[in-house]
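**Student:** mind looking at a prediction? Sequence and model below.
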2 protein chains.
Amino acid sequence: MALSSSLLEQAVDQLATLPGIGRRTAMRLALDLLRREVHEVTRFSDAIRKLREEVRYCEECCNISDQPRCTICQDPGRDAGLVCVVEDIRDVIAIENTRQYKGLYHVLGGVIDPMNGVGPDDLHTLELFTRVQTGPVREVLLALGGTLEGDTTGFYLNRRLAGMGVLVTTIARGISVGSDLDQADEITLGRSIADRKPYESGQRR
Amino acid sequence: MALSSSLLEQAVDQLATLPGIGRRTAMRLALDLLRREVHEVTRFSDAIRKLREEVRYCEECCNISDQPRCTICQDPGRDAGLVCVVEDIRDVIAIENTRQYKGLYHVLGGVIDPMNGVGPDDLHTLELFTRVQTGPVREVLLALGGTLEGDTTGFYLNRRLAGMGVLVTTIARGISVGSDLDQADEITLGRSIADRKPYESGQRR
């Protein structure tokens, strides 16, 4: 695709580096940006530049934050004895959206993935261990994805945390609320039977 | 979705203004940008800012260009008597990719769309008429999309160009090369029969 403008060429090239955006979509995005007012596009590009240049991470939980400590770690209403370990910021947002969790978080910044050269030291594991050994942490809840990498990471963390006098728990795996049994994959269904629990009356779902 | 960082919030807001990008995808793109080196993100945001700030359009054909006249209009090997009218820059790229067309272009910058308040004067129609009346234009080839708006625009241009002593043609509509008849919609199939042409031996497709 030869373009008559090197400015457009460069913008399309850059947009096409985004995950899931091919050159055809990148062209559509570039043309959309071209149709906007200059000040709108300046605001757009500034927001992206500042995000990376001025980003800070919470000293305690490694969550993204504008201050040295994030709003969640600063909240006195949160249970500082319970720390939920997640892969990245998206997981924090997903759990916060449930409004069910009142503990703190620890953002690993990834999962152990030997195939892609990601080991425990590439993640914020040391910060977690320091936190558990020096802070008021009572329970570490592992909320990692149900992938091979997520399982490997959970296995590693559980083993390292074992001697630190802390309860290690993991989120329940099972059939999604509202979904049919015959739609679930066999591993999930098998696990939901193995992990069965006493029926609580009053618990409708 | 409440975020712990206003920088992230703003970047996600801005990315979500792009066509076809929802907030969930915008978050994924923002996190991808966050993982990059600062200089990479600066290059990314600069490319977008410069695209809009420094963009220029060809004085002759309204195609995007880095110089006052675009590379196509500057090319002496092109037939200046033939002008292909298209909706936007993407169409120029698509036609250039065929390597079949050796004339010049005229980029309207849209199509007549009364429902969205786009009239002929919002497009580069005046530039086209001036070009036809003052230049060496012999034929105007309308290459507009097969939509109601494309048809309306073609109808308007044909009527306006009628008195200017220029041949107005339009691209052929018909069955796509390599596609089955029963896959085509009825209007296209009907038009391909109405617009039938003498069989040329030696023409395999």
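**Tutor:** Nice, thanks for sending it over.
**Student:** contact partners for the residue nearest to the spatial centre of chain A?
**Tutor:** By CA atoms, centre = their mean, chain A has its centre lying nearest to A:Asp88, at 2.4 Å. A:Asp88 makes contacts with A:Val107, A:Leu108, A:Gly109, A:Gly110, B:Leu31, as judged by CB atoms under 8 Å, 6 or more residues apart in numbering or on different chains. C-beta: built from backbone N, CA, C; applies to glycine.
**Student:** what is the most widely separated pair among the residues you listed?
**Tutor:** Spanning the widest gap among the contacts of A:Asp88 are A:Leu108 and B:Leu31, at 13.6 Å by CB to CB.
**Student:** which other helices and strands contact the longest strand along chain A?
**Tutor:** Secondary structure assigned by DSSP state E gives strand A:79-86 as the longest strand of chain A. Where contact means 3 or more CB pairs under 8 Å, 6 or more residues apart in numbering or on different chains; DSSP states H and E, strand A:79-86 is packed against helix A:89-98, strand A:103-107, helix A:125-134, strand A:139-142.
**Student:** who has more neighbours, A:Leu108 and B:Leu31?
**Tutor:** Legend: neighbour count by other CB atoms under 10 Å in any protein chain shown for A:Leu108 and B:Leu31, higher for A:Leu108 (22 against 18).
**Student:** strands along chain A, start to end?
**Tutor:** Going by DSSP E, chain A shows strands at A:56-57, A:64-65, A:79-86, A:103-107, A:139-142, A:167-170.
**Student:** can you pull the buried residues of the third one?
**Tutor:** The reference is to strand A:79-86. For strand A:79-86, burial by neighbour count (16 or more other CB atoms under 10 Å in any protein chain shown) applies to A:Leu82, A:Val83, A:Cys84, A:Val85, A:Val86.
**Student:** which one of the strands of chain A lies nearest to B:Tyr57?
**Tutor:** strand A:64-65 (39.9 Å).
**Student:** let me see the contact set for the nearest residue to A:Ala11 once chain neighbours are set aside.
**Tutor:** Computed as CB to CB, 6 or more residues apart in numbering or on different chains, the closest residue to A:Ala11 that is not its neighbour in sequence is B:Leu51, at 4.0 Å. Residues near B:Leu51 by CB under 8 Å, 6+ apart: A:Leu7, A:Leu8, A:Gln10, A:Ala11, A:Ala30, A:Leu33, A:Leu34, A:Val41.
**Student:** can you give me the pLDDT of the spatially closest residue to A:Arg23 that is not a sequence neighbour?
**Tutor:** Distances taken as CB to CB, 6+ apart put A:Ala16 closest to A:Arg23, at 4.9 Å, once the chain neighbours are dropped. In this model, A:Ala16 is scored at 97, pLDDT.
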